[in-house]
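Engineer: Next one to model:
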Amino acid sequence: MARRSDDARAKKCIGILQPVYLPWIGYFEQIEYVDHFVFQDDVQYTKNDWRNRNRICTKAGPTWLIVPVKRDGLHTRLHESRIDYGRNWARKQILTISQAYASSPFVAPVIAMLQEAFEAQPERLTDLTIPLIERLSSHLSIASTFSRASDVPRAPDADLTARLLEIAQANDATDLYLGAKGVAYVDTGFLAQNGVSVTFQDFVHPEYSQNGPEFHSHMSILDYIASVGPAGVRHWLDSLPKFGAHG
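Structural biologist: Prediction:
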């Protein structure tokens, strides 16, 4: 599918987000919107966050899927964080997902992805989470390309906004599409002075038929796929605006 109108080919939009374990659907909306997506894997790892966990909806309500991470110190970068295989969490996760979506005809390919990823036992957390996001994007026919921020040289004194500019310039980006929370800490004026425009996500969460009587938003993409199938998710993505569609 064409990702931008003919008169806007000189423009390029990228998204920049920290990699997340089996992200929610809003994460994939950001990947779908942009031409290229950069995993911000060079930031400090944060505990009790979405980097190593997410939720699915069971008949009893939301439940956590957690990848245990070794305690490597307070200043460990996300791409340095190591997975703890000391507990049999992978088999339990597969069982939890299989039981939660036993009646769904759409879950088997996703479970196969997870089993293959778990059997490989990557040492680093990002070597589990990033390939899974890429494979799920392919499963949903998302055409964006991917790279990692850790591959972009970083100036020692670069603050958050300066780092965004470094990543944008390394990817020849004219536009950034960032999460809504970025409004509070991104200096859009500085970026504009350096030729980079910023749009912040303004996301409306869809509702769909789900396990249990009450709808729970912000579940893992697994929940949406299990409920409507990859074709249903693709139909929803096709209904959303794309970068350059207005130009």
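
Engineer: Next up, the contacts around the residue sitting nearest the centre point of the chain.
Structural biologist: Taking CA atoms, centre = their mean, the centroid of the chain lies closest to Tyr27, which sits 4.4 Å from it. Residues in contact with Tyr27, defined by CB atoms under 8 Å, 6 or more residues apart in numbering, are Leu17, Val20, Ile133, Ile221. In short, each C-beta sits where N, CA and C put it, glycine included.

Engineer: among the residues you listed, which are in strands?
Structural biologist: Under the assignment DSSP state E, the contacts of Tyr27 contribute Leu17 to strands.

Engineer: I'd like the contacts of Tyr27 laid out as a markdown table, including distance to Ala143 and neighbour count.
Structural biologist: Listed next are the contacts of Tyr27 as a markdown table, based on distance: CB to CB, whole Å; neighbours: other CB atoms under 10 Å:
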| residue | distance to Ala143 | neighbour count |
| --- | --- | --- |
| Leu17 | 17 | 21 |
| Val20 | 20 | 21 |
| Ile133 | 14 | 24 |
| Ile221 | 17 | 25 |
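
Engineer: Sort out for me which of the contacts of Tyr27 are in helices.
Structural biologist: Ile133, Ile221 (DSSP state H).

Engineer: and of the contacts of Tyr27, the nearest to Asp157?
Structural biologist: Leu17 (23.4 Å; CB to CB).

Engineer: end to end, how far does stretch 61-77 reach?
Structural biologist: 33 Å (CA to CA, to the nearest Å).

Engineer: chain center to it: distance?
Structural biologist: Remark: stretch 61-77 is offset 16 Å from the chain centroid, using CA atoms, centre = their mean, to the nearest Å.

Engineer: Go through the contacts of Tyr27 and name the one nearest Gly182.
Structural biologist: Of the contacts of Tyr27, the one sitting nearest to Gly182 (CB to CB) turns out to be Leu17, at 9.8 Å.

Engineer: So that closest one is in contact with Gln30, correct?
Structural biologist: Yes - the criterion here is CB atoms under 8 Å, and Leu17 meets it with Gln30 at 6.3 Å.

Engineer: which stretches of the protein have low pLDDT?
Structural biologist: 1-9, 74, 245-247 (pLDDT under 70).

Engineer: Quick one: the helices in it, in order.
Structural biologist: 25-33, 89-100, 108-120, 126-139, 160-170, 188-193, 221-238.

Engineer: Give me the buried positions along the first one.
Structural biologist: This means helix 25-33. Ile25, Gly26, Tyr27, Phe28, Glu29, Gln30, Ile31, Glu32, Tyr33 (16 or more other CB atoms under 10 Å).

Engineer: Over to the shortest one?
Structural biologist: In terms of neighbour count (16+ other CB under 10 Å), helix 188-193 has its buried residues at Thr188, Leu191.

Engineer: Packing partners of that helix?
Structural biologist: helix 160-170, strand 197-200 (3 or more CB pairs under 8 Å, 6 or more residues apart in numbering; DSSP states H and E).
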